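Colleague: Attaching a predicted model along with its sequence, questions to come.
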Amino acid sequence: MTDKKKTAIYPGSFDPLTNGHIDIIERALDIFDEVIIAVLHNPSKKALFTMEERVDMIKQSFNGRKTVLVDSFGGLLVDYARMKNAIAIIRGMRALSDFESEFQMALMNRKLNKEVQSIFLMTGFRWIFTSSSIIKEAAQFGGDISGMVPEAVELKLIEKYPRIKQ
Ligand code: PNS
């Protein structure tokens, strides 16, 4: 039997990457040989950061780690996963409130492609209340968001919202 590299996709909007995302990625790396962080290109969803900015911040946060690849995708996630020979889609689950939409998405993805498994990792307790949107809201009104996002993201948020308390 040949040793095939086990690749997982970690898809999302990442507008922006948070420490909660990083926690999920680190834990996925305990299971998979490599994780592709795939940023969804969705022209109908208004994002704070451009695709280029989001990809750049993620790359900076992982500092050239060989097992973490960063990419963008459009269209169906399962098609992208197939193209990348990924065997799994990773999603983080924070609270019960995430369950319904994640369940729906996983069932649709399974209907579309039975070869890719959806794997859910429970968010670390520390990050249970962390989300990109709540961080953006706090930052917009000058709240201290240090410790919730990697440094590259914090600097970029300060650039967008200079009132952030440090
Ligand atoms: O970070 P998000 O916004 O919760 O990520 C959502 C994402 C990117 C995982 C989801 O919107 C997605 O997979 N979009 C691609 C389109 C697709 O495949 N849809 C069918 C499955 S529901």
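Modeller: Nice, thanks for sending it over.

Colleague: Return the nearest residue of this structure with respect to the ligand.
Modeller: Minimum separation of the chain from the ligand (C-beta to the nearest ligand atom) falls at G12, amounting to 3.2 Å. Heads up, the C-betas are built off the backbone N, CA and C, glycines and all.

Colleague: Look up phi and psi at the residue nearest to L157 when sequence neighbours are not counted.
Modeller: Distances taken as C-beta to C-beta, 6 or more residues apart in numbering put A139 closest to L157, at 4.6 Å, once the chain neighbours are dropped. Dihedral angles of A139 (phi, psi; degrees, to the nearest 10) stand at phi -60, psi -40.

Colleague: A139 contacts I145, doesn't it?
Modeller: Yes. Taking contacts as C-beta atoms under 8 Å, A139 lies within contact range of I145: 5.2 Å.

Colleague: how about the strands in this structure?
Modeller: Remark: strands assigned in the chain by DSSP state E are 7-12, 34-40, 68-73, 88-93, 117-122.

Colleague: List the contacts of the closest residue in space to K156 that isn't next to it in sequence.
Modeller: Leaving aside its sequence neighbours, K156 sits nearest to M57 (C-beta to C-beta, 6+ apart; 5.8 Å). Applying C-beta atoms under 8 Å, 6 or more residues apart in numbering, we find M57 in contact with P16, L17, F49, P150, A152, V153, K156.

Colleague: can you redo these as TSV with pLDDT?
Modeller: Compiled in TSV, the contacts of M57 are given as follows (pLDDT from 0 to 100):
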residue	pLDDT
P16	98
L17	98
F49	98
P150	98
A152	97
V153	98
K156	97
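
Colleague: so can I have JSON lines of those residues showing distance to the ligand and neighbour count?
Modeller: Converted to JSON lines, these look like this (distance: C-beta to the nearest ligand atom, whole Å; neighbours: other C-beta atoms under 10 Å):
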{"residue": "P16", "distance to the ligand": "11", "neighbour count": "26"}
{"residue": "L17", "distance to the ligand": "10", "neighbour count": "28"}
{"residue": "F49", "distance to the ligand": "13", "neighbour count": "22"}
{"residue": "P150", "distance to the ligand": "17", "neighbour count": "20"}
{"residue": "A152", "distance to the ligand": "18", "neighbour count": "18"}
{"residue": "V153", "distance to the ligand": "15", "neighbour count": "28"}
{"residue": "K156", "distance to the ligand": "18", "neighbour count": "21"}
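
Colleague: what two of the residues you listed are the furthest from one another?
Modeller: The span of these, defined through C-beta to C-beta, is set by F49 and P150 at 13.5 Å.

Colleague: K136 - nearest residue in space that isn't next to it in sequence?
Modeller: L48 (5.7 Å).
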